[in-house]
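>>> Task: produce atomic coordinates for the following.
(chains A, B, C and D)
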Amino acid sequence: MLWSGLSPEEARSFLVNKDKSKKDKRMGLSEAINAFVQDGHTLGLAGFVNSRQPVAAVHEIIRQGRKNLTLAFHSAGLSAEYLAGAMALDENRFSIKRFEFAYWGIELFGISSMLRYLSENGKVELEDWSNFNMSARFKAGAMGLPFIPCRSPMGSDVLRANRSKIIDCPFTGSPVAVVPACHPNVALIHVQEADIYGNCRIEGPLFTCPEIALASAHTIVTCERLVEHDEMTREPNLINIPFFAVDAVVELPFGAYPGHCHGHYYFDEVHIREFRCAEESFRKGERKALVDYYSRYILEPHDTDGFIGQVPYSQLRYIRQIEKRDFSLLNGK
Amino acid sequence: MLWSGLSPEEARSFLVNKDKSKKDKRMGLSEAINAFVQDGHTLGLAGFVNSRQPVAAVHEIIRQGRKNLTLAFHSAGLSAEYLAGAMALDENRFSIKRFEFAYWGIELFGISSMLRYLSENGKVELEDWSNFNMSARFKAGAMGLPFIPCRSPMGSDVLRANRSKIIDCPFTGSPVAVVPACHPNVALIHVQEADIYGNCRIEGPLFTCPEIALASAHTIVTCERLVEHDEMTREPNLINIPFFAVDAVVELPFGAYPGHCHGHYYFDEVHIREFRCAEESFRKGERKALVDYYSRYILEPHDTDGFIGQVPYSQLRYIRQIEKRDFSLLNGK
Amino acid sequence: MSNEFAVQFTPQEMIVVAGARTLENNKVVFAGTGLPMVAITLAQLTHAPGIIPVFEAGAVGSLLTRGLPLSVGCSRTTSKAMYLQGLNSAFELAQRGYCDYGFIGGAEIDMYGNLNSTMIGAFPEGYQKPALRLPGSGGASDMASSCERTIIIMVHEKRRFTEKLNYLTSPGYLDGSSGARQRAGLVGQGPYRVITTRAVLGFDEETRRMKLLATLPGETVSSVQENTGFELLVDPNVREFEPPTQEEIRLIREEIDPHGYFIKRKA
Amino acid sequence: MSNEFAVQFTPQEMIVVAGARTLENNKVVFAGTGLPMVAITLAQLTHAPGIIPVFEAGAVGSLLTRGLPLSVGCSRTTSKAMYLQGLNSAFELAQRGYCDYGFIGGAEIDMYGNLNSTMIGAFPEGYQKPALRLPGSGGASDMASSCERTIIIMVHEKRRFTEKLNYLTSPGYLDGSSGARQRAGLVGQGPYRVITTRAVLGFDEETRRMKLLATLPGETVSSVQENTGFELLVDPNVREFEPPTQEEIRLIREEIDPHGYFIKRKA
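The predicted model follows:
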């Protein structure tokens, strides 16, 4: 049995031996990536398609370069796309060995140029799951279970393209699929609010962020804003990720840009199309646009603020405006 | 295999055929109990020990009388105690056939007189579980799974006193317990706030209330107060039970009294001791105090308001005051 | 005027109208991204205001009145939501039996309503190096597994309506044998309707084979069959589907998708 | 003055002080109801302000400064909580490995640290009609299963420290054989300390048998052994446990449990 990331037994003993105290975990992004992400690691990419994707963290990994990563996610858009694009441009600097995933695309903006490029050229191993399968795998990991039953997608080829098994329910005798826990080495998660200890408050759909944080050996959280600890604990029912599941807290406004962050900014369609055009021309054999994109937006700016600084203010203003206007209409506040 | 309540297959088809529309579900308590609770049913008792126990609903079941119920819960105090006391007083009017549970006692106020009376006289079937086992059984039910793995309490006699099984994990080969889903016919749940459609907002610890609601065929919710639907949907992240898992909404202030309801009132130690003394003297052979208690507080008042009306105002004031004072200190609001 | 039929409309507009009309009021509908979201919005604005949408990212019971969501994870799916958790929670609701319909698409479909949205190429041997890699299952296979019935929305082309899928992503009636879904461990009953750019199709109760129920405007039984890569059964009462009304088209163009994100103005 | 030893104290006060001193700062402690809650509060007020309590009803990381909780489900457990879900969530944290210690009690204990809190009578044949029915496992057996180590708090009487339990509710080292817990499927390492009204005990690493580490004030090795229903191992460095300080007693009596809910003033 292959356990990419940690096996259930390793995941337990790693956590048992870890310092779980309530301490200040603020770090710079570069420092956090440097401290926790190593060659050969399995990374859990949180968010969902292009929403609350850990784009800033992924850009920093690209800047630092890593080799032979495994990426585990249910549905990703931008975060997988950026990493794959870095590999496409220079495999000696950055590479991915394996994907465990259910969906990789950019929804409205089209199918993934980089999934096509890497897979159709046989450059990576793929393991196919459904969204529920991957969510349930992270959930099993978060719950401390080696496996969890999941009734889908039974009868499909998906279950033939992965490590799930079919067992007979010990009580009903009916067949049911069981999926193995997924314990990434490092979870990358972007949230709206965190305190300095790592308690996180997510607004809007939670996706599978809490489960991924709890399942992983280390968790790097980027957040739109740090909030006071006392403000956080005033409404404990709203805390979705507890501090002891988090190792680094990085305050990074626009950390999910050009994707969407509920309550803060909408998709930047202009920028996403710019990126996707560059990728698609790469897939069709023309490298230059993608080389330029990575230079201009990721490698030369050195950090997230530098990247955001390259984006016209009018675009940033617009995506904040439409997201917040919707919210004020909705909430009357 | 015994499936008290519904089997996983029955639970699914019951729900599939149910009207899940968003409709006004307000009812009187007597009407709700009459509509949904039948002889022979398995009832899921929500709350935890003496906190947010569905006391008002349980009193109404006692008033109406039912036979051969199965009670399923993790840890109960007052709700199990009241039902058992009714059986002790008159088995022809009200009876319980079976308990599936982990803990039955009144914590600070002592062990359960009625558990001792019924079990030591061999009057009921008992099935022993741990709190996690029962919570996980409701969770499996809520998730639509026929079973769920649970690593505790392996090696104990608890697992010999129930229907759980030990299997080898299909991935690690290590032994792991699996517990069967629990799908009660009716869940009885008390919450702080609900809207007329049944959306519920729980403040404080959730216990296993959301899972019990989602797992059951029918759910009766009593609430401290009805809130406007628009107020409820303003913070959808705070909705713990979605409307389509609820069949009846009954606005009943003090619906968990004399137990505790987070944010509304603390335990009434005076009343709980009064009840427990009556029970304990019954167990020791003296019926009168318990007969009088049930007459005065449950049978004669006809409804919850009548019961609360029997309690000295000073006690009600005190338990509200200490609970709310604590909250204002804590939250600065 | 507004209930009069529209004269000009695109195949995408027709498919959305057909999809919307298929949805019953007050039912719980688990919606995939794209056309299903547009169809649900149209249904909520017309005959089925009580539809309860479920989105896999977490939102349940939303009113899609805050602008068309561009993604099932987008904040617009949360408008007036009555439950807002995450993927596990949404799929568990379906697995438990709360979701009457799943509303999904795919790249290929076979006569038993099985769908492929993963790859074109040889499976399993070519899985690691497909001829064309598609985005993958996402939540579609989960909806097809556990929602009680499935409504499928498809572009109707011969190569997409195929005898043999390249890869079975989302289970329909599997091999079509009696009880095949149950034997496989699936809890939902399987495909209910296939809404395409040419027709509305169902499934024969005996054989679970795809059956033509209605042809869309401009199509005939034989034009639909010609564009289908397997033999269709034809309902004895096969009918012509009514064109969109002017009001339906107005709602799509002016209120639901004025920027043409999902519904392009040209075919 | 306050670090001077107290002169008068009850066995319950002593046990709470011994329990508190056993807790390390900055560790995650899953607490059962009653004396464990008092001991954690005392530890938070003295040497271990960074203790992170977990309560099975759902609260995590609370500061117990809002008045002593009378129940693990009571609102006082939620003061400054950093996570507040429910039972499944709390037990899953333990099962995952987040909980360094479980802090529990029981009615009977054997030499391998197994506990009974279910019944007195013959098991299994007398399970349905016990001689004395106790409240049952609650969350204690779960904490004993999945917290990394267990701290047990007990009244020390011969009938409670028994060769053979009436019923094994909470697993300790099971039959004491090497690897018994692992073979049974348990993930935690098992019992660490037993804090009683007479002694502080641990377990021998080789045999996993209970071993006397320290005697409480007024007790001797032989008085502890006399009140124990099985043969105790005795640590070569067995010592006398220091009495409570005046400050510890003041905190218990004046700040933590002034109404004497859990700590009665008389023994």
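>>> Break down the stretch 151-267 of chain C into its strands, ranges please.
Applying DSSP state E, counting those that start in this stretch to the stretch 151-267 of chain C gives strands spanning C:190-196, C:199-203, C:210-215, C:233-240.
>>> swap that for the stretch 201-333 of chain A, sorry
A:218-226, A:248-251.
>>> between those, which gets nearest to A:E280?
Of all these, it is strand A:218-226 that lies closest to A:E280, at 27.8 Å by Cβ to Cβ. Using the backbone N, CA and C atoms, a C-beta is placed for each residue, glycine as well.
>>> What helices and strands are in contact with that closest one?
helix A:29-36, helix A:55-64, strand A:186-194, helix A:209-215, strand A:248-251 (3 or more Cβ pairs under 8 Å, 6 or more residues apart in numbering or on different chains; DSSP states H and E).
>>> got the residues of chain A near chain B?
Residues of chain A found near chain B (Cβ under 8 Å from any Cβ of the partner chain) are A:1, A:7-9, A:144-149, A:151, A:163, A:165, A:167, A:169-172, A:174, A:176, A:178, A:180, A:202-204, A:234, A:237-238, A:331-332.
>>> Where does pLDDT dip in the chain?
Chain wasn't specified; assuming chain A. By pLDDT under 70, the low-scoring segments of chain A are A:326-333.
>>> I was thinking of chain C, sorry if that wasn't clear
Within chain C, the stretches falling below the threshold (pLDDT under 70) are C:1, C:265-267.
>>> how close does the residue most central in space within chain A sit to D:L232?
Geometric centre of chain A, nearest residue: A:L45, 2.1 Å, by Cα atoms, centre = their mean. Distance of A:L45 to D:L232, computed by Cβ to Cβ, to the nearest Å: 54 Å.
>>> Identify the residue spatially nearest to residue 198, adjacent ones excluded.
Answering for chain A, as no chain was given. In space, and not counting its chain neighbours, A:G198 is closest to A:V246: 2.9 Å by Cβ to Cβ, 6 or more residues apart in numbering or on different chains.
>>> look at chain C instead
C:H156 is the one closest to C:R198 (Cβ to Cβ, 6+ apart), at 4.0 Å.
>>> Could I get the contacting residues of the one you found?
Taking Cβ atoms under 8 Å, 6 or more residues apart in numbering or on different chains, we find C:H156 in contact with C:196-199, C:224, C:227-228.
>>> In CSV: these, plus neighbour count.
What follows is the contacts of C:H156, written out as CSV (neighbours: other Cβ atoms under 10 Å in any protein chain shown):
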residue, neighbour count
C:T196, 26
C:T197, 19
C:R198, 28
C:A199, 27
C:V224, 23
C:N227, 18
C:T228, 24
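>>> The helices and strands packed on strand A:218-226: which one's closest to C:E255?
C:E255 lies closest, by Cβ to Cβ, to one member of the helices and strands packed on strand A:218-226: strand A:186-194, at 29.9 Å.
>>> what lines up beside that closest one in the sheet?
strand A:42-45 (parallel), strand A:200-201 (antiparallel), strand A:218-226 (parallel) (DSSP bridges).
>>> okay, those strands, which one's buried deepest?
strand A:42-45 (a mean of 27; mean count of other Cβ atoms under 10 Å in any protein chain shown).
>>> wait, does stretch C:24-38 contact chain A?
Yes - using Cβ under 8 Å from any Cβ as the criterion, contacts between stretch C:24-38 and chain A involve C:33-34.
>>> dump the residue contacts of the nearest residue to A:T42 once chain neighbours are set aside.
Excluding the flanking residues, the one nearest A:T42 by Cβ to Cβ, 6+ apart is A:G5, at 3.6 Å. Counting by Cβ under 8 Å, 6+ apart, A:G5 makes contact with A:11, A:41-42, A:44, A:70, A:72, A:182-185, A:216-217.
>>> Find the pair from the residues you listed with maximum spatial separation.
Using Cβ to Cβ, the two most remote members of the contacts of A:G5 are A:A11 and A:T70, lying 15.0 Å apart.
>>> Neighbour count: those two, which is higher?
Between A:A11 and A:T70, counted using other Cβ atoms under 10 Å in any protein chain shown, the more crowded position is A:A11 (25 against 22).
>>> quick one: A:E120 from chain C, how far?
6 Å (Cβ to the nearest Cβ, to the nearest Å).
>>> Show me which positions of stretch C:58-75 end up buried.
Neighbour counts using 16 or more other Cβ atoms under 10 Å in any protein chain shown place C:58-64, C:66-75 of stretch C:58-75 among the buried residues.
>>> Please disregard the earlier target; I meant stretch C:219-234.
C:219, C:224-225, C:227-230, C:232-234.
>>> repeat for stretch C:5-18
Across stretch C:5-18, burial judged by 16+ other Cβ under 10 Å covers C:6, C:9-18.
>>> now, which of those residues lie within helices?
C:11-18 (DSSP state H).
>>> mind putting the residues you listed in JSON lines, distance to chain D included?
Below are those laid out as JSON lines (distance: Cβ to the nearest Cβ, whole Å):
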{"residue": "C:P11", "distance to chain D": "48"}
{"residue": "C:Q12", "distance to chain D": "44"}
{"residue": "C:E13", "distance to chain D": "45"}
{"residue": "C:M14", "distance to chain D": "47"}
{"residue": "C:I15", "distance to chain D": "42"}
{"residue": "C:V16", "distance to chain D": "40"}
{"residue": "C:V17", "distance to chain D": "44"}
{"residue": "C:A18", "distance to chain D": "43"}
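>>> And the contacts of C:H156, which is closest to chain A?
Of all these, chain A sits closest to C:T197, with 19.4 Å by Cβ to the nearest Cβ.
>>> was I right about the closest one contacting C:V155?
Yes - between C:T197 and C:V155 there is a contact at 5.5 Å, judged by Cβ atoms under 8 Å.
>>> Chain A against chain D: which residues are in contact?
By the rule Cβ under 8 Å from any Cβ, the part of chain A lying against chain D is A:11-16, A:19-22, A:141-145, A:197, A:199, A:214-215, A:232-233, A:236-237, A:239, A:242-245.
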